[in-house]
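Engineer: need a structure here:
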Amino acid sequence: MRLVVGITGASGAIFGIRALEALRVLNVETHLVMSRWSRATLLHETPYTLEQTEQLASHVHHDDNQSAAISSGSFRTDGMLIAPCSMRTLASIRAGCGDTLICRAADVILKERRKLVLLARESPFSQIHLENMLALTRMGAVVLPPAPAFYNRPQTIDDLIDHIVGRALDQFGLAMPGLKRWSGFQPDPQTSSGFEPES
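Structural biologist: Purely as a prediction, here's the structure:
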């Protein structure tokens, strides 16, 4: 399998880093593109250096390099994950504005009908953000805001990050090792009086 991984300047660079680590364990060929601002965010938010991050990928492409292999539909991939995806990047992809390699690669994924997964990072969402996400969803992209789950009883921030990344990798049919999945539960009759599951 071959995936493109984009990391933009939105808060949450660790999602892209953790995805690269997991994909490496799963022996997936990765093509990494980092935006200019993602490099600053990464250094501000994580203990990783740029060199350490790039070493996690099979191939690294500069965001200004429009001649990279991933800018063409004839270069076969299985999809693209943008983690995190800034609202600027999301808007550019929606408009088909391929002025950066991340946006051009995403445009290629859409036109070739491949899987595009966007970890949209913003809160709260404006009407513009929501309209852009709806438009991209209708185009075939998967918008997956990094919203944490708590049914798996996370003990650390890493647990929260891993669950979100694992759910993103599910979109490509990849099973992240160690991911705790929902398996249902039996409510305690003494504490669930009047309990009605949501439809």
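Engineer: tell me the contacts of the most centrally placed residue in the chain?
Structural biologist: Geometric centre of the chain, nearest residue: Ala83, 3.4 Å, by Cα atoms, centre = their mean. Contact analysis of Ala83 by Cβ atoms under 8 Å, 6 or more residues apart in numbering lists 5-7, 12, 15-16, 19, 117, 119, 146, 165, 168. Backbone N, C-alpha and C define where each C-beta goes, glycine included.
Engineer: same check on Pro177?
Structural biologist: Taking Cβ under 8 Å, 6+ apart, we find Pro177 in contact with 22, 25-26.
Engineer: show the buried residues in the residues you listed.
Structural biologist: The neighbour-count test (16 or more other Cβ atoms under 10 Å) marks 22, 26 as buried among those.
Engineer: what about the contacts of Pro177, which are in helices?
Structural biologist: Using DSSP state H, the subset of the contacts of Pro177 located in helices is 22, 25.
Engineer: returning to what we had before: turn the contacts of Ala83 into JSON lines, including secondary structure, neighbour count and distance to Glu131.
Structural biologist: Output for the contacts of Ala83, formatted as JSON lines (DSSP: H, G, I helix; E, B strand; the rest coil; neighbours: other Cβ atoms under 10 Å; distance: Cβ to Cβ, whole Å):
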{"residue": "Val5", "secondary structure": "strand", "neighbour count": "24", "distance to Glu131": "26"}
{"residue": "Gly6", "secondary structure": "strand", "neighbour count": "31", "distance to Glu131": "22"}
{"residue": "Ile7", "secondary structure": "strand", "neighbour count": "32", "distance to Glu131": "24"}
{"residue": "Gly12", "secondary structure": "coil", "neighbour count": "23", "distance to Glu131": "22"}
{"residue": "Phe15", "secondary structure": "helix", "neighbour count": "23", "distance to Glu131": "24"}
{"residue": "Gly16", "secondary structure": "helix", "neighbour count": "29", "distance to Glu131": "25"}
{"residue": "Ala19", "secondary structure": "helix", "neighbour count": "30", "distance to Glu131": "27"}
{"residue": "Val117", "secondary structure": "strand", "neighbour count": "23", "distance to Glu131": "19"}
{"residue": "Leu119", "secondary structure": "strand", "neighbour count": "27", "distance to Glu131": "19"}
{"residue": "Pro146", "secondary structure": "coil", "neighbour count": "23", "distance to Glu131": "20"}
{"residue": "Val165", "secondary structure": "helix", "neighbour count": "26", "distance to Glu131": "27"}
{"residue": "Ala168", "secondary structure": "helix", "neighbour count": "24", "distance to Glu131": "23"}
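Engineer: same list, those, but as JSON lines with distance to Leu42 and pLDDT please.
Structural biologist: Converted to JSON lines, the contacts of Ala83 look like this (distance: Cβ to Cβ, whole Å; pLDDT from 0 to 100):
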{"residue": "Val5", "distance to Leu42": "13", "pLDDT": "98"}
{"residue": "Gly6", "distance to Leu42": "13", "pLDDT": "98"}
{"residue": "Ile7", "distance to Leu42": "7", "pLDDT": "98"}
{"residue": "Gly12", "distance to Leu42": "10", "pLDDT": "97"}
{"residue": "Phe15", "distance to Leu42": "11", "pLDDT": "98"}
{"residue": "Gly16", "distance to Leu42": "8", "pLDDT": "98"}
{"residue": "Ala19", "distance to Leu42": "13", "pLDDT": "98"}
{"residue": "Val117", "distance to Leu42": "20", "pLDDT": "98"}
{"residue": "Leu119", "distance to Leu42": "15", "pLDDT": "98"}
{"residue": "Pro146", "distance to Leu42": "16", "pLDDT": "96"}
{"residue": "Val165", "distance to Leu42": "16", "pLDDT": "97"}
{"residue": "Ala168", "distance to Leu42": "18", "pLDDT": "98"}
